[in-house]
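> Build me a model from this:
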Amino acid sequence: MGEFTMPSLGADMDEGTLVEWLVEPGAPIRRGDPVAVVETAKSTIEVECFESGTMGRPLVEPGTTVPVGTPLALIETAAGTRGKAGRARKPRKEPQGPPAPERTRPAEPAEPVRTREPVASEAPGHGHVEAGPLIRHLAEEGGVDLAALRGSGPGGRVTRADIERAAAAAPTARAPRARVTPLARRRAAELGVDLSSVAGTGKDAAIRAEDVSRAASGHAGAPSPPPRTTAAVRASRPSEDQAPAMRRAIARLMSRANRDVPHYYLSTTVEMAVPMDWLHDRNRHSPMSERLLPAALLLKAAALAAHEVPELNGFWTDDRFTAGEGVHLGVAVSLRGGGLIAPVLRGADTLEVPALMSALKDLVSRARTGRLRGSEVSGATLTVTNLGDQGVETVFGVVHPPQVALVGFGRVVDRPWAVDGLLGVRPVVTVTLSADHRATDGAVGARYLTSVDRLLQNPEKL
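This next block holds a predicted model:
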């Protein structure tokens with residue numbers, strides 16, 4: 001029997017809120033399957049299971065905030081061994097928040113567990129209903145009134161069999177609804193859209209935020225929706241509720257970085273005529289959907305240079321440097337409601353430029369709509385920030401501990417530039433490096449920037 005635990009989704013995360021379960025007890029699960037949705041200070045994230053087996057008993061109800069490492073559910077593994085099924089993938093020695101609590105469950109928690117919204121245990125005008133969160137979910141999906149059921153389980157607890165019998169006996173029972181993404185639920189609460197009337201276009205007919213927005217566009221003349229519950233009002237204001245928490249999380253991490261990490265900074269100007277000419281020629285002969293942006297070339301060069309200069313690709317832990325296993329670029333993404341998040345491009349040095357461009361578009365889109373998975377927000381070995389699209393020419397970032405370096409790219413601009421003694425106008429970009437002086441010195445950083453420059457002058461080899 002294994003445990004699905006609250007994962008650590010970044011060095012600045014010490015607790016998370018279980019939003020919903022995506023898998024029912026008894027359902028088979030495979031390594032990498034998303035099984036729960038967790039809300040952190042920065043985003044709402046689907047968390048994968050890293051053990052194969054059968055989903056067991058849930059230990060935490062949706063809406064509950066618990067520390068990192070807290071068991072959320074039991075996993076019945078094939079071998080019957082205890083494994084940390086919910087822990088996100090991460091490199092060796094990388095600290096991901098405070099130490100996890102002991103796995104021996106005490107009779108009472110050491111500190112009170114905070115709940116965002118209590119799970120209702122009574123229906124208005126009815127008596128107490130003994131039913132777990134997943135039974136309540138099944139009842140809602142099947143259109144079964146829990147308050148009208150007499151449970152056959154111990155102590156009158158409602159079981160899954162009770163729900164199935166009631167659903168089969170009800171002549172007007174609703175058909176099971178498709179899965180609804182967390183962002184779609186928030187959007188529906190904000191716009192007053194009845195999810196039962198929305199057709200999903202996602203995988204397995206899942207309802208996405210875009211589906212809710214389309215449905216809302218036809219509700220202009222509909223009567224005003226009934227007053228919403230506290231939970232619905234909270235869900236409709238993610239920017240009000242989550243932005244301050246995100247800023248606090250960023251403040252803690254950046255304060256720690258500036259306090260504990262002795263930074264050094266380097267910059268260089270890279271002439272971009274060759275890569276830009278190559279890019280324009282390629283895009284001229286490519287369909288619109290396959291055209292590349294300069295960011296793809298810059299990221300690929302940053303990843304390959306990290307492979308060539310591995311002293312900057314890894315972590316400072318236990319007073320020593322540990323090299324990363326692969327080049328996994330964290331890409332800083334600004335969020336529309338404020339703040340930022342750095343989803344990970346895994347194995348970026350091994351991706352062809354078109355594949356890297358496609359992966360980047362996908363990550364940025366899902367980061368801004370709250371649809372990232374747990375494995376996509378942890379394990380970065382080097383972070384890149386590109387503010388060129390914001391008009392910034394030079395950016396010096398702050399190292400994201402326990403990483404030891406951050407690369408910054410500015411806007412590609414035309415500048416006077418001398419080539420073979422002749423002055424002309426050429427496109428150039430400023431590349432910067434912020435690095436941890438405990439792990440490397442300026443000479444190593446200079447080698448890295450030189451590698452980036454050399455790689456960009458040979459775009460066909462990227």
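> rest of the way, CA atoms for contacts and neighbours
Will do.
> List of residues touching stretch 21-39?
Under the contact criterion Cα atoms under 8 Å, 6 or more residues apart in numbering, stretch 21-39 has outside partners 16-20, 44-58, 62, 134, 182, 373.
> Could you pull out the helices in this structure for me?
Counting by DSSP state H, the chain forms helices over residues 133-142, 160-169, 182-191, 209-216, 230-235, 238-260, 273-284, 294-308, 353-368, 442-456, given from the N-terminal end onward.
> Could you export the ones you listed as CSV, including distance to residue 388 and mean pLDDT?
Output for those, formatted as CSV (distance: least, Cα to Cα, whole Å; pLDDT from 0 to 100):
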stretch, distance to residue 388, mean pLDDT
helix 133-142, 46, 64
helix 160-169, 54, 74
helix 182-191, 29, 71
helix 209-216, 28, 78
helix 230-235, 33, 34
helix 238-260, 22, 76
helix 273-284, 15, 95
helix 294-308, 9, 97
helix 353-368, 15, 92
helix 442-456, 17, 98
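> Turn those helices into CSV, including mean neighbour count and distance to residue 31.
Rendered in CSV, the data for those read as follows (neighbours: other Cα atoms under 10 Å; distance: least, Cα to Cα, whole Å):
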stretch, mean neighbour count, distance to residue 31
helix 133-142, 19, 22
helix 160-169, 16, 26
helix 182-191, 21, 22
helix 209-216, 18, 27
helix 230-235, 16, 30
helix 238-260, 16, 30
helix 273-284, 15, 38
helix 294-308, 23, 27
helix 353-368, 18, 21
helix 442-456, 18, 36
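> out of the ones you listed, which comes closest to residue 66?
Closest approach to residue 66 among the helices of the chain is made by helix 238-260 (15.5 Å; Cα to Cα).
> CA atoms of the closest one as PDB?
Below are the C-alpha coordinates for helix 238-260, written out as PDB (Å, rounded to 0.1, in the frame of the first residue of the first chain):
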ATOM      1  CA  PRO A 238      -9.100  34.200  -8.600                       C
ATOM      2  CA  SER A 239      -7.200  37.400  -9.200                       C
ATOM      3  CA  GLU A 240      -8.400  38.900  -5.900                       C
ATOM      4  CA  ASP A 241      -7.800  35.700  -3.800                       C
ATOM      5  CA  GLN A 242      -4.800  34.200  -5.400                       C
ATOM      6  CA  ALA A 243      -2.700  37.200  -6.500                       C
ATOM      7  CA  PRO A 244      -1.800  38.400  -3.000                       C
ATOM      8  CA  ALA A 245      -0.800  34.900  -2.000                       C
ATOM      9  CA  MET A 246       1.300  34.600  -5.200                       C
ATOM     10  CA  ARG A 247       3.100  37.900  -4.400                       C
ATOM     11  CA  ARG A 248       3.800  36.700  -0.900                       C
ATOM     12  CA  ALA A 249       5.300  33.400  -2.200                       C
ATOM     13  CA  ILE A 250       7.400  35.300  -4.800                       C
ATOM     14  CA  ALA A 251       8.500  37.800  -2.100                       C
ATOM     15  CA  ARG A 252       9.600  34.900   0.300                       C
ATOM     16  CA  LEU A 253      11.600  33.200  -2.500                       C
ATOM     17  CA  MET A 254      13.300  36.400  -3.800                       C
ATOM     18  CA  SER A 255      14.100  37.600  -0.400                       C
ATOM     19  CA  ARG A 256      15.800  34.300   0.400                       C
ATOM     20  CA  ALA A 257      17.600  34.400  -3.000                       C
ATOM     21  CA  ASN A 258      19.000  37.900  -2.400                       C
ATOM     22  CA  ARG A 259      19.900  37.100   1.200                       C
ATOM     23  CA  ASP A 260      21.500  33.700   0.700                       C
END
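> tilt between that helix and helix 182-191?
For helix 238-260 and helix 182-191, the angle between their directions (axes from the mean of the first three to the mean of the last three Cα atoms, to 10 degrees) works out to 130 degrees.
> so how far is helix 238-260 off the chain centroid?
Distance of helix 238-260 from the chain centroid (Cα atoms, centre = their mean, to the nearest Å) equals 16 Å.
> what packs against it?
For helix 238-260, there is no helix or strand it packs on, judged by 3 or more Cα pairs under 8 Å, 6 or more residues apart in numbering; DSSP states H and E.
> I figured residue 329 hits residue 356, correct?
No: Residue 329 is beyond contact range of residue 356, at 10.9 Å (criterion: Cα atoms under 8 Å).
> Are there residues contacting both of those two? Which ones?
Counting by Cα under 8 Å, 6+ apart, the shared contacts of residue 329 and residue 356 are 345, 348.
> Look up how far residue 397 lies from residue 403.
Going from residue 403 to residue 397 by Cα to Cα, to the nearest Å gives 13 Å.
> out of those two, which sits in the busier spot?
The neighbour comparison of residue 403 against residue 397 (other Cα atoms under 10 Å) goes to residue 403, with 26 against 19.
> what's the neighbour count on residue 148?
Burial of residue 148, expressed as a neighbour count using other Cα under 10 Å, amounts to 12.
> let me redo that: residue 400
Other residues near residue 400 number 28, with proximity taken as other Cα under 10 Å.
> All set now, cheers.
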